[in-house]
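Student: Next one to model:
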Amino acid sequence: MMHKIILYLFFASTLFGQFNHQDKLVIKRILGQSTITFDFDGRTNETGFFHKHLDIGIHYSFKPTWTVGLKYRAQYRTKENEWHLEQRPQGELIKVVNSQKVKWEFRTRMDYRIREGKNDEMRNRSRIQLKALNPISLLKITPFINNEFFFAPKSWNYYINWTAIGFDLPKTKIGKPTIFYKYVQSLNEGKWTPTYTMVFKLTI
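Tutor: Presented below is the predicted three-dimensional model:
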């Protein structure tokens with residue numbers, strides 16, 4: 001029953017959601033001591049379907065609570081009714097700290113942005129996440145909250161902030177679903193501009 005509900009939510013979001021939604025499919029596979037990931041992402045806002053990307057990555061735990069990752073992203077966004085490619089080689093470092101009830105995760109990532117018609121640039125994005133160690137309530141959901149800070153290239157000024165709050169649902173035969181609300185603020189010409197999106201992610 002649960003997997004039917006998940007499928008309905010996923011396809012309903014894709015087919016009927018017209019405002020600010022994001023759908024993700026993440027494939028994870030273990031290869032020795034490493035984890036290989038494939039991430040497919042599509043986003044829609046008031047203007048329509050405007051963003052799609054594919055991530056390919058590998059993560060390696062070199063200590064019990066430390067992980068290093070290398071990723072490549074091919075990202076397309078629309079501008080004047082045309083799709084424009086941005087390529088992003090990425091490197092990240094992740095630290096996990098477990099307390100009695102909460103899992104803390106600290107992640108810092110460097111993006112190298114190769115963009116059509118613009119100069120290449122590098123930026124940093126760093127995230128702090130708190131997640132319950134165990135599922136709660138009769139629904140067996142695992143809640144989390146995180147905040148991510150983006151720092152501009154060269155100046156290293158803080159110019160984008162993401163806050164996400166949501167939960168993981170129990171794993172089913174088709175995968176593990178996650179639903180969260182993402183609130184984004186961007187600094188433009190000295191003024192913070194907010195946007196939001198609802199995100200549905202399925203990890204298989």
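
Student: for Ser186, what are its contacts?
Tutor: Neighbour list for Ser186: 159-160, 192-193, 195 [criterion: Cβ atoms under 8 Å, 6 or more residues apart in numbering]. C-beta coordinates here come from the backbone N, C-alpha and C atoms, glycine included.

Student: Need the buried ones from the residues you listed selected in PyMOL.
Tutor: With 16 or more other Cβ atoms under 10 Å as the criterion, this PyMOL line picks the buried residues out of the contacts of Ser186:
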select buried, resi 159+160
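
Student: Let me know the closest of the contacts of Ser186 to Phe49.
Tutor: Of all the contacts of Ser186, Thr195 has the smallest distance to Phe49: 15.9 Å, by Cβ to Cβ.

Student: what's the offset of the helix or strand harbouring the closest one from the middle of its chain?
Tutor: Per DSSP states H and E, Thr195 falls inside strand 191-203. Relative to its chain's centre, strand 191-203 lies at 10 Å (Cα atoms, centre = their mean, to the nearest Å).

Student: returning to what we had before: want to throw the contacts of Ser186 into JSON lines with pLDDT and distance to Phe19?
Tutor: Converted to JSON lines, the contacts of Ser186 look like this (pLDDT from 0 to 100; distance: Cβ to Cβ, whole Å):
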{"residue": "Tyr159", "pLDDT": "96", "distance to Phe19": "25"}
{"residue": "Ile160", "pLDDT": "97", "distance to Phe19": "21"}
{"residue": "Trp192", "pLDDT": "97", "distance to Phe19": "21"}
{"residue": "Thr193", "pLDDT": "96", "distance to Phe19": "17"}
{"residue": "Thr195", "pLDDT": "95", "distance to Phe19": "11"}
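
Student: which one of the contacts of Ser186 sits closest to Tyr183?
Tutor: Using Cβ to Cβ, the contacts of Ser186 come closest to Tyr183 at Thr195, 7.9 Å.

Student: Provide a list of residues in contact with the closest residue to that closest one other than its chain neighbours.
Tutor: Spatially, and ignoring its direct neighbours in sequence, Thr195 is nearest to Val184 (4.9 Å; Cβ to Cβ, 6 or more residues apart in numbering). Residues in contact with Val184, defined by Cβ under 8 Å, 6+ apart, are 160-163, 194-197.

Student: give me the beta-bridge partners of Thr193?
Tutor: Here Thr193 sits in beta bridges with Ser186, going by DSSP bridges.

Student: now the one 4 residues further on
Tutor: Beta bridges link Thr197 to Lys182 when assigned by DSSP bridges.

Student: And the helices in the protein, which stretches?
Tutor: 2-16 (DSSP state H).

Student: Going along the chain, name the strands of this structure.
Tutor: With strands called from DSSP state E, the chain shows them at 21-31, 34-45, 48-63, 66-79, 82-98, 102-115, 121-132, 142-151, 158-168, 176-188, 191-203.

Student: So, low pLDDT: which residues of this protein?
Tutor: 1-18 (pLDDT under 70).

Student: I figured Tyr112 hits Asn124, correct?
Tutor: No. Counting by Cβ atoms under 8 Å, Tyr112 stays clear of Asn124, with 11.0 Å between them.
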